[in-house]
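**Q** Coordinates for the following, if possible.
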Amino acid sequence: MWKQFIGKLSWKSLKSSTGGGGGGGSPTAKSHPMSPRENGTVKPNASPRSPSGIAGGEGRSREDAFIQKVDICCTVYDFADRGKDSPEKERKRQVLMSLVDCIGAAEEPLTEAMMSACVHMFGVNLFRVFPPKVRSATVGASETEEDEPFFDPSWYHLQVVYELLLRFVTSPFVDPKVARKYVDSSFISKLLDLFDSDDPRERDCLKTVLHRIYGKFMGNRPFIRKAVSNIFYRFVSEADHHNGIAELLEVFGSVISGFAKPLKEEHKLFLWKALIPLHKPKTVGVYLPQLTYCITQFIEKEPKLAGTVIRGLLKYWPVTNSQKEMMFLGELEEVLELIDMAEFQKCMVPLFRRIANCLNSSHFQVAERALFLWNNEHLFDMISQNRQVIVPLIYPALERNARLHWNQSVLNVTMNVRKMFFDMDERLLLACQSNFQVEEEKRAATEERRRLTWEQLERNADAFQPANASFPAAPSSAPPVVPTVT
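**A** Got it, this is the predicted structure:
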């Protein structure tokens with residue numbers, strides 16, 4: 001009897017120590033292998049929770065909390081009225097900043113649902129139609145770099161969205177193979193359209209984001225190159241105005257520097273069909289430094305392309321725009337510093353014919369800039385080696401400047417250049433001078449014959465016309481002509 005009583009006490013104390021009776025049920029009781037069984041029955045939902053199940057629950061809660069925050073940021077507010085919805089706007093900004101910190105401090109890869117929610121939120125906030133009034137005012141403004149920039153009133157929030165997008169693209173916990181499903185050609189195309197924004201701060205952020213996307217999503221590189229080429233085509237052929245050409249060229253400057261040697265045919269076509277025609281628009285001064293950098297990168301990769309570039313410059317050379325002509329001369333000098341002798345000899349005749357025209361320009365800055373080309377040692381060395389061809393092309397322009405140009409500075413530099421040729425090859429210069437005298441005499445004789453011919457024609461016309469010539473007056477009215485049907 002005592003043994004039975006002591007046995008019952010020991011069983012009750014075991015059950016109370018394992019939490020089987022009362023106390024609200026502790027986790028230890030749920031994990032005990034005997035706790036599911038009570039009175040000989042098994043509870044199906046009372047199975048123990050494994051560590052993987054606990055981790056999955058934490059992952060789902062992390063994903064749900066992240067997506068919930070992203071959904072809050074999908075609400076778009078009107079920033080034209082700063083006082084409207086101020087608490088909601090500030091709440092959204094705080095949530096955006098928390099998402100930036102979350103992605104920046106992430107220690108686990110983002111799930112596909114989180115990536116999808118982020119890309120959707122980027123599209124909702126960034127992809128928009130620009131205000132038409134601002135666009136029309138920009139098109140009608142002067143085409144200079146000094147135009148007053150436009151600042152988007154919604155930049156207070158857009159800046160944080162761009163920061164979040166940049167963190168998303170550069171994060172090592174964003175798998176590019178998975179994210180490429182959402183950062184697709186449609187997303188990139190709409191992102192490229194934003195480069196026409198009037199806000200320079202937005203274009204600067206876009207420049208960084210596009211460069212990072214090009215570096216991370218390698219499968220999208222051909223599409224990006226093709227889409228940017230199409231932007232350049234439309235700008236040259238149709239629009240004649242685009243705010244983001246300089247930023248796009250700056251991105252492609254670093255892209256071109258990464259091209260492998262030898263260059264692919266696709267890349268050479270990009271140079272000839274997309275980059276060189278960008279010299280045509282009148283706003284070329286806005287993006288010329290970036291364009292020149294891209295072109296020189298191509299020539300450094302493949303020096304044979306220097307001749308192609310020079311022929312393209314000659315094709316689009318300005319005739320009446322003196323400022324643009326000075327810019328072309330500056331770019332031409334940079335290209336000539338990289339050219340080799342074989343390519344130089346292929347294009348030197350049309351090149352120095354154009355330079356001779358610049359020497360005789362009535363705009364003294366154009367003439368002076370062309371004369372300063374002789375200060376380039378590399379170019380002067382190539383000219384000296386091909387002087388038998390180049391000096392006869394240049395000497396007439398130098399002689400006309402020395403005789404007729406109105407600017408004293410141009411006259412002084414012209415005399416210096418002519419002295420350089422004289423020291424280089426005295427006999428050649430004297431021969432060119434003799435030929436110039438003969439050609440000038442022929443030209444003067446031709447002009448005199450033309451003047452005498454016109455005077456003779458005028459005398460003949462005066463002698464042929466009677467002094468009091470009378471012409472019959474036209475009838476005041478004529479009978480109507482009735483058409484006949486046959």
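**Q** Any idea how many residues pack against the closest residue to Met97 other than its chain neighbours?
**A** The shortest distance from Met97 to any non-neighbouring residue, by CB to CB, 6 or more residues apart in numbering, is to Val160 (6.0 Å). Any C-beta I mention is one placed from the backbone N, CA and C, and that applies to glycine too. Look at Val160: counted by other CB atoms under 10 Å, it has 20 neighbours.
**Q** wait, what's in contact with Val160?
**A** 93, 96-97, 100 (CB atoms under 8 Å, 6 or more residues apart in numbering).
**Q** swap the cut-off to 10 Å and go again
**A** 73, 92-97, 99-100, 125 (CB atoms under 10 Å, 6 or more residues apart in numbering).
**Q** Kindly present these as CSV, with separate columns for neighbour count, pLDDT and distance to Asn243.
**A** Listed next are the contacts of Val160 as CSV, based on neighbours: other CB atoms under 10 Å; pLDDT from 0 to 100; distance: CB to CB, whole Å:
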residue, neighbour count, pLDDT, distance to Asn243
Cys73, 24, 93, 26
Lys92, 21, 92, 27
Arg93, 16, 92, 26
Gln94, 12, 94, 31
Val95, 17, 95, 30
Leu96, 22, 95, 25
Met97, 13, 95, 28
Leu99, 23, 95, 29
Val100, 18, 95, 27
Asn125, 22, 95, 20
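**Q** Show me those residues that map onto helices.
**A** Residues of these located in helices (DSSP state H): 92-97, 99-100, 125.
**Q** buried residues in the one helix or strand Ile213 maps to?
**A** Assigned by DSSP states H and E, Ile213 belongs to helix 200-216. Neighbour counts over helix 200-216 (16 or more other CB atoms under 10 Å) mark 202-203, 205-211, 213-214, 216 as buried.
**Q** Packing partners of whichever helix or strand comes after that helix?
**A** Following helix 200-216 in sequence order, the next helix or strand is helix 221-234 (DSSP H and E). Secondary structure elements in contact with helix 221-234, counted by 3 or more CB pairs under 10 Å, 6 or more residues apart in numbering; DSSP states H and E, are helix 185-193, helix 200-216, helix 245-257, helix 265-270.
**Q** Flag every buried residue along the last one.
**A** This means helix 265-270. For helix 265-270, by 16+ other CB under 10 Å, it's 267-268, 270.
**Q** Now do the helix or strand just after it against helix 245-257, angle only.
**A** Going down the chain from helix 265-270, the next helix or strand is helix 284-301, by DSSP H and E. Angle of helix 284-301 versus helix 245-257, following axes from the mean of the first three to the mean of the last three CA atoms, to 10 degrees, is 0 degrees.
**Q** Do a quick rundown of the strands in the stretch 351-486 of the chain.
**A** In the stretch 351-486 of the chain, no strands are defined using DSSP state E, counting those that start in this stretch.
**Q** Spell out which helix or strand contains Thr320, please.
**A** Thr320 belongs to no helix or strand, assigned by DSSP H and E.
**Q** hang on, the earlier thing: Throw the buried residues of helix 200-216 into CSV and include pLDDT and distance to Gln456, thanks.
**A** Listed next are those as CSV, based on pLDDT from 0 to 100; distance: CB to CB, whole Å:
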residue, pLDDT, distance to Gln456
Glu202, 95, 71
Arg203, 95, 67
Cys205, 96, 74
Leu206, 97, 70
Lys207, 96, 69
Thr208, 97, 74
Val209, 97, 75
Leu210, 97, 71
His211, 97, 72
Ile213, 97, 75
Tyr214, 96, 72
Lys216, 95, 80
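**Q** Nearest to Phe187 among those?
**A** Of all the buried residues of helix 200-216, Phe187 sits closest to Ile213, with 9.2 Å by CB to CB.
**Q** just wondering, since we're on that closest one, how far is it from Lys207?
**A** 11 Å (CB to CB, to the nearest Å).
**Q** what is in contact with these two at once?
**A** Val251.
**Q** got the contact list for the closest residue to Val70 other than its chain neighbours?
**A** Nearest non-adjacent residue to Val70, counting by CB to CB, 6+ apart: Ala117, 4.3 Å away. Ala117 is in contact with 63, 66-71, 73-74, 110-111, 182, counting by CB under 10 Å, 6+ apart.
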